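1. Predicted model, plus sequence, below.
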Amino acid sequence: MTAIRIAVLGASGYTGADLVRLALGHPDVAIVALSANAKAGQTMADVWPHFAMFPDLPRLVRAEEVDFAGIDVVFGCLPHAASAKLLGGVKGPRIVDLSADFRLKDAATYAEWYGGTHPAPALLPEAVYGLTEYARDALPAARLVACPGCYPTAVLLGLLPLMAASLIAPERITINALSGVSGAGRSLKEANLFPEIAEAVAPYAIGRHRHMPEIEQELSARAGMPVTVSFTPHLIPMNRGELVTMIVETTAPVADLRAALAERYAAEPFVHLLPEGVAPTTRMVRGSNHVVVNVFADRVPGRAIVVVAIDNLVKGSSGQALQNMNVMLGLPETTGLRQAPLFP
């Protein structure tokens with residue numbers, strides 16, 4: 001087949017770089033444009049030493065300089081607001097956006113949580129929320145796909161089957177999430193310096209993390225009623241990986257919850273229900289597009305604990321973006337994403 005010509009906007013960030021890494025292993029993809037405004041004019045090897053053996057990668061340019069003519073798919077790995085402002089004017093290529101700009105259906109909710117008027121509100125109705133396992137029917141016809149955030153990806157994959165089957169109470173959901181420091185981005189932040197983050201675990205955005213309305217939007221749609229969650233994220237001293245532990249109140253035995261997860265994900269290539277009693281860990285999925293999930297009975301009657309692990313940069317970001325592209329273009333969903341987890 002003719003190679004799929006892609007552009008990656010924001011290739012100097014962690015998600016952009018991981019998308020390039022994965023795309024290099026995709027047999028049907030040709031990377032024809034890479035942007036990074038602050039690094040324009042440099043090569044990928046100048047910015048990322050692990051690309052030194054790929055001298056044929058396009059040189060970095062400013063996003064506004066990318067020629068979108070002839071490009072099939074644009075991957076937006078830009079910060080929120082900047083992404084919608086630029087992509088709102090892109091005509092022709094199909095768009096897979098990894099920012100937060102098109103995830104929320106309501107422009108007022110976006111303004112409340114992201115601190116500014118949405119740059120392209122007219123595009124929100126057409127954006128497909130790209131949690132691939134739940135978006136397959138809509139993806140082939142989609143022009144604009146909004147990749148979920150890393151935390152929502154893990155949370156929703158663990159809870160949506162249970163919510164859809166009315167096996168958990170929508171009123172009381174508590175989520176504690178742990179993420180590697182790459183989830184905070186590559187820009188310099190004092191709190192993320194090695195002496196600050198090493199040998200420590202730190203909660204942040206307590207009670208008001210920007211992924212909360214995204215989680216609630218999708219859970220509410222499945223519950224058929226407004227859902228409000230308690231969500232507390234933490235940074236932990238590792239580069240990549242994410243683990244979410246969710247305490248839910250149940251309306252059925254835990255065996256029924258496990259059966260619902262088993263049935264929903266039996267045919268999924270990337271989502272795996274672990275054997276009974278085995279706890280998910282980030283080392284099971286590091287560097288891969290795979291997800292591991294399990295459910296446990298709490299010692300408190302009527303409660304259960306759902307645990308999910310993903311790699312925040314792959315299934316939580318760039319891997320899911322390529323997975324969405326595969327479905328959009330009618331390719332086998334696992335193309336370019338068959339990497340086994342990296343261990344140790």
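-> Now that the structure is in, tell me what you want to look at. Because the structure is a prediction, the values reported are computed rather than measured.
2. doesn't Val47 make contact with Lys39?
-> Yes. Lys39 is within contact range of Val47, at 5.2 Å (criterion: C-beta atoms under 8 Å). Backbone N, C-alpha and C define where each C-beta goes, glycine included.
3. Give the residues shared as contacts by these two.
-> Both Lys39 and Val47 are contacted by 12, 60, under the criterion C-beta atoms under 8 Å, 6 or more residues apart in numbering.
4. Look at the residue with the largest distance to the centre of the chain and give its secondary structure.
-> Within the chain, the residue lying farthest from the chain centre (C-alpha atoms, centre = their mean) is Pro301, at 33.1 Å. Of the three states, Pro301 takes coil under DSSP: H, G, I helix; E, B strand; the rest coil.
5. Quick one, grab the pLDDT at it.
-> Per-residue pLDDT puts Pro301 at 95.
6. Kindly check the end-to-end length of stretch 133-151 for me.
-> 16 Å (C-alpha to C-alpha, to the nearest Å).
7. after the longest helix seen in the chain, next one along is what?
-> Across the chain, the longest stretch assigned as helix under DSSP state H is helix 150-164. Downstream of helix 150-164, the next assigned helix or strand under DSSP states H and E is strand 168-179.
8. how far is that following strand from where the chain is centred?
-> 18 Å (C-alpha atoms, centre = their mean, to the nearest Å).
9. Could you pull out the strands in the stretch 201-344 of the chain for me?
-> Using DSSP state E, counting those that start in this stretch, the strands of the stretch 201-344 of the chain run over residues 202-203, 230-235, 242-250, 271-273, 291-297, 303-310.
10. strands paired with the last one, and their directions?
-> When pairing is defined by DSSP bridges, strand 303-310 lines up against strand 242-250 (antiparallel), strand 291-297 (antiparallel).
11. what angle do that strand and helix 150-164 make?
-> 140 degrees (axes from the mean of the first three to the mean of the last three C-alpha atoms, to 10 degrees).
12. first to last residue in stretch 77-89, what's the distance?
-> 16 Å.
13. What of stretch 45-57?
-> For stretch 45-57, the first-to-last residue distance is 9 Å (C-alpha to C-alpha).
14. same thing with stretch 193-203?
-> By C-alpha to C-alpha, one end of stretch 193-203 lies 16 Å from the other end.
15. in it, what's buried?
-> Buried residues in stretch 193-203, counted by 16 or more other C-beta atoms under 10 Å: Ile197.
16. what's the answer for stretch 59-75, then?
-> 60-61, 63, 66, 71-75.
17. What about these, which are in strands?
-> Within those, residues falling in strands by DSSP state E are 60-61, 73-75.
18. Widest-spaced pair of the buried residues of stretch 59-75?
-> Leu60 and Asp72 (20.2 Å; C-beta to C-beta).
19. so where is this structure shaky, pLDDT-wise?
-> Applying pLDDT under 70 to the chain flags the ranges 1, 184-189, 191-192.
20. rewinding a little: distance check, the residue farthest from the centre of the chain against Leu157.
-> To Leu157, Pro301 is 26 Å away according to C-beta to C-beta, to the nearest Å.
21. And Ile4, by the same measure?
-> Counting by C-beta to C-beta, the gap from Ile4 to Leu157 is 26 Å.
22. Then Ile305?
-> According to C-beta to C-beta, Ile305 and Leu157 sit 15 Å apart.
23. out of those two, which sits in the busier spot?
-> Leu157 (26 against 18; other C-beta atoms under 10 Å).
24. Quick check: that one touching Val291?
-> Yes. Because the distance of 5.6 Å satisfies C-beta under 8 Å, Leu157 is recorded as touching Val291.
25. shared neighbours of the two, which are they?
-> In terms of C-beta under 8 Å, 6+ apart, Leu157 and Val291 are both contacted by the residues 271, 308, 310.
26. which ones are touching the first one?
-> Going by C-beta under 8 Å, 6+ apart, Val271 touches 133, 157, 265, 290-291, 293.
27. and if you look at the second one?
-> Shown here is Val308, whose contacts under the criterion C-beta under 8 Å, 6+ apart are 154-155, 157-158, 243-244, 246, 280, 291-293.
28. Could you identify the buried members of those residues?
-> 154-155, 157-158, 243-244, 246, 280, 291-293.
29. Just give me how far the longest helix of the chain sits from the chain centre.
-> 12 Å.
30. picking up where we left off before, quick one: closest of the strands of the stretch 201-344 of the chain to Ser220.
-> Nearest of these (C-beta to C-beta): strand 230-235, 14.2 Å.
31. Show me which positions of that closest one end up buried.
-> Quick answer for strand 230-235 (16+ other C-beta under 10 Å): 231, 233, 235.
32. partners of the first one in the sheet?
-> Applying DSSP bridges to Phe231 yields these beta-bridge partners: Ile175.
33. Now render the shared contacts of Leu157 and Val291 as CSV, adding distance to Ala100.
-> CSV is the format used below for the shared contacts of Leu157 and Val291 (distance: C-beta to C-beta, whole Å):
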residue, distance to Ala100
Val271, 23
Val308, 20
Ile310, 18
